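Undergrad: A structural model of the following input is requested.
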Amino acid sequence: MFHNPICIVMKKTAIVLFATVFIAASCKSKKNVSKTDTTGPTESQLTVLKTKEPNATMEDLTKGHTIFYGACTNCHGAKDVAGYEQDKLQKVIDRMASKADLSSVEKDAVWKYALAINLSAKK
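TA: Predicted coordinates for the structure are as follows:
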């Protein structure tokens, strides 16, 4: 049977393209998948967060928790944000939010959740 060289090249290109898209999609943000922590945020975290973010709600913390244990941990696992200085924590979240393709609302929720953890650890 005769195989057209152009068809062979096109098939190989299609396979490489499919593999590239598959690999890229596997690290794409999966914002609603919880990986590790199933306990969720606590009222005491919300209380301590309100000292810095008076308008924070449990909904903010819950959304931040879901994203943190979804999009964030999908690529590099959960980081211990308790020991970060707050300005460094904010810079990390700013940088990583664009990589995870988070909206500004989602980024704010992650910030509030991470800050709540950070402040609770220093209490």
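Undergrad: Tell me where this protein is predicted with low confidence.
TA: 1-4, 7, 9-10, 12, 14, 16-38, 123 (pLDDT under 70).
Undergrad: all helices in the chain, in order from the N-terminus.
TA: Counting by DSSP state H, the chain has these helices, from start to end: 5-26, 43-49, 58-67, 73-76, 86-99, 104-121.
Undergrad: Turn those helices into a markdown table, columns for mean neighbour count.
TA: (C-beta placed from N, C-alpha, C; glycine too.) Shown next, in a markdown table, are these (neighbours: other C-beta atoms under 10 Å):
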| stretch | mean neighbour count |
| --- | --- |
| helix 5-26 | 10 |
| helix 43-49 | 17 |
| helix 58-67 | 20 |
| helix 73-76 | 14 |
| helix 86-99 | 14 |
| helix 104-121 | 20 |
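Undergrad: quick one, what contacts Ile117?
TA: Shown in contact with Ile117 (C-beta atoms under 8 Å, 6 or more residues apart in numbering): Gln45, Val81, Ala82.
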